[in-house]
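Visitor: could you work out the structure for the sequence below:
(chains A and B)
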2 protein chains.
Amino acid sequence: MLSRVTIAVDAMSGDVGPAACVPGALAVLDAEPGVELLLVGQPELIETELAGLGAAQRARVRIVAASQVVGMDERPRDVIRRKKDSSLRRALDLVANGDAGACVSSGNTGALMATAHFVLGMVEGIERPAIVAEIPADGGQTFMLDVGANPSATPDQLFQFAVMGAVVATDTGGRPRPRVGLLNVGAEDIKGHELVRAAHARLRASRLEYVGYVEGNDTFTGAVDVVVTDGFTGNVALKTMEGLARMIGGAVRSEFTATPWRKLGAMAASPALAALRQRLDPRRHNGASMVGLAGVVIKSHGSADATAFGHAVRLAVVEARNDMPAQISAELRAQAG
Amino acid sequence: MLSRVTIAVDAMSGDVGPAACVPGALAVLDAEPGVELLLVGQPELIETELAGLGAAQRARVRIVAASQVVGMDERPRDVIRRKKDSSLRRALDLVANGDAGACVSSGNTGALMATAHFVLGMVEGIERPAIVAEIPADGGQTFMLDVGANPSATPDQLFQFAVMGAVVATDTGGRPRPRVGLLNVGAEDIKGHELVRAAHARLRASRLEYVGYVEGNDTFTGAVDVVVTDGFTGNVALKTMEGLARMIGGAVRSEFTATPWRKLGAMAASPALAALRQRLDPRRHNGASMVGLAGVVIKSHGSADATAFGHAVRLAVVEARNDMPAQISAELRAQAG
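Guide: As a prediction, this is how the structure comes out:
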């Protein structure tokens, strides 16, 4: 039987707030009998979203009051200093106190990362936290990090990212021996900054299953399980994917509705279109682990709806059960030993 | 009437060689009455591809013999030193001598760039050449540079990229006053390296229509005409787009052929699917300008077929007619004056 685990939910977070976070989190109760929820935020708003809940499930949910909300544009240092009773901060405090095994928030990435760093501290041996994105790929998914916690990274830090990415790929992606690639550019003559070359040497000397340099397109082919890069490059890659996917989605919609005949064609093709939509649904990949922290923190997309938020909560459950920070610590020791 | 212009074609280049480059280039003769072609490479192989050509068109085509071919994996410095009679080198020599107004090649990017730099030299005031990619966007296209000529760039060089991108957007994209954005990441706290911030200040002080920072997803929305970044980040973004587009294309194919009913649905939807395929066809955007050189050089994708290669040749015609290097020089003076 799976162990009990408590998830702290920043219920006020994201563009939608409790109306997405609460139903999204509640949906996990059915699928995960061992899970309990701490819903953090303004009690009356959260209570409204619990209206239809049966008694058995209601008993697995507790509301934790927090009077403040963190805005999407607030500066991290101001949040740490002035938003001590915010839902974001309280949810992280619950992890720090041991009352919860993980925290999930759709809030301001910079504020969440900085507050988590301040409240939880780091895994020993990891210098900087990183954000891991799960990217759909042929035959499964690829894990990319860092996608935005740090604008740059040293070779040692890139090695640490590789270790953390490998742990995530094993524990949430089910890869026993994840293959790790280092993101670089193709043209032989300009292959890499000095920094990338130094990281390449560091990774080659490690005990990881390091396959060498990969290019941007290799993220989608299943050639590797983990793609390592700095937070600037990774963030650009991730946002580029989001933008292109949205543009292609728009093109599909506009071509299939351009004329009445096209709309009829779309009806005939609707099973394939529905399957396609499901296969490429970004909500199925919502939830980015903030790794390297001495606690499990999952960042959900700011625009996440209930379905997407539920996926992020399920990821939090998996990482809390596996005690991801302890796994990272163990893997670092194994690499050094 | 449009002026006459001569295009030097590296006919041995790319995965396919003369069988793609020659028919691709010939297709331009019909559409562009003022164009003449110099097809550079092994005469017997090129001659074979000219078999069906009428006398009037044949008179506008000349074969220039070159005995060597540059491989996709050859090191740029070796190509410069040892491949002086290669089709790539001879095609660039024709531009340097004034026999051609532009060169088009599907060859090895690093070798083409380095040889072009060596043979043609630079526009005065431009420190480093850059590669410009044309990216499909809502309502047209966006021009991104650098997508791979230099692994890093100083703030001054990023400013020069912006000037060159604006010239390309005006001359080949028809934008009278192109809006320029600087690629950055979103989270407020880590907004940019120091280097990106310095480039931001440099661009703000310029006379360009600079709109500020943009993120990876803004490339596709038509919010800007030019996206400026270093060659490492730009190359990762471009390769990421290629990889994602290929994955989505594969998903469309597999969902529309999964069952006999789905295949019937695809037949009913075929007008929309065909329109979609055309709209997203990467061949329509083939051809990357190598700007900053004192001559027009267009890099075609290594895997370009005749249709794609023809697009690159048409781009060469436009840039040769506009004398892009002179335009860049004039815009640099206007910025300084």
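Visitor: could you pull up the mean pLDDT of the helix or strand hosting A:Ala19?
Guide: Taking DSSP states H and E as the definition, A:Ala19 sits inside helix A:18-31. Averaged over helix A:18-31, pLDDT sits at 95.
Visitor: for the stretch 51-200 of chain A, what lies in contact range of chain B?
Guide: Remark: the part of the stretch 51-200 of chain A in contact with chain B comprises A:73, A:75-77, A:109-111, A:113-114, A:136-138, A:148-152, A:183, A:185-190, A:192-193, using CB under 8 Å from any CB of the partner chain. From N, CA and C alone the C-beta is placed, and that goes for glycine too.
Visitor: buried subset of those as a ChimeraX selection?
Guide: To isolate the buried ones among these in ChimeraX, judged by 16 or more other CB atoms under 10 Å in any protein chain shown, type:
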select /A:75,76,109,110,111,113,114,136,137,148,149,150,151,152,183,185,186,187,189,190,192,193
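Visitor: ok, and what's touching the strand or helix carrying A:Leu315?
Guide: Element membership of A:Leu315 [criterion: DSSP H and E] is helix A:306-322. Under the criterion CB atoms under 8 Å, 6 or more residues apart in numbering or on different chains, residues A:2-3, A:5-7, A:9, A:14, A:19-21, A:23-25, A:27-28, A:31-32, A:35, A:100-104, A:106, A:171-172, A:282-287, A:289, A:296, A:298-301, A:304 lie in contact with helix A:306-322.
Visitor: could you give the angle of it to helix A:18-31?
Guide: Put simply, helix A:306-322 runs at 50 degrees to helix A:18-31, going by axes from the mean of the first three to the mean of the last three CA atoms, to 10 degrees.
Visitor: buried sites along helix A:306-322?
Guide: Neighbour-count burial for helix A:306-322 [16+ other CB under 10 Å]: A:306, A:308-322.
Visitor: what's the closest of these to B:Ser206?
Guide: Distance to B:Ser206 across these (CB to CB) is lowest for A:Ala308, with 40.7 Å.
Visitor: ok, A:Pro260 - how many residues close by?
Guide: 8 (other CB atoms under 10 Å in any protein chain shown).
Visitor: between the two ends of stretch A:210-220, what distance do you get?
Guide: Start-to-end span of stretch A:210-220 (CA to CA, to the nearest Å) is 17 Å.
Visitor: flag every buried residue along it.
Guide: In stretch A:210-220, counting by 16+ other CB under 10 Å, buried: A:Tyr210, A:Val211, A:Tyr213, A:Val214, A:Glu215, A:Gly216, A:Asn217, A:Asp218, A:Thr219, A:Phe220.
Visitor: and the helix or strand containing A:Ser254, is it in reach of chain B?
Guide: Taking DSSP H and E as the definition, A:Ser254 sits inside helix A:231-256. Yes: Helix A:231-256 is in contact with chain B by CB under 8 Å from any CB, via A:231-233, A:235-248, A:250-252, A:255-256.
Visitor: following that helix, which helix or strand shows up next?
Guide: helix A:260-268.
Visitor: relative to helix A:231-256, how tilted is the helix or strand just after that following helix?
Guide: Using DSSP H and E, the helix or strand that directly follows helix A:260-268 along the chain is helix A:270-279. Here helix A:270-279 runs at 170 degrees with respect to helix A:231-256, directions being taken by the same axes, to 10 degrees.
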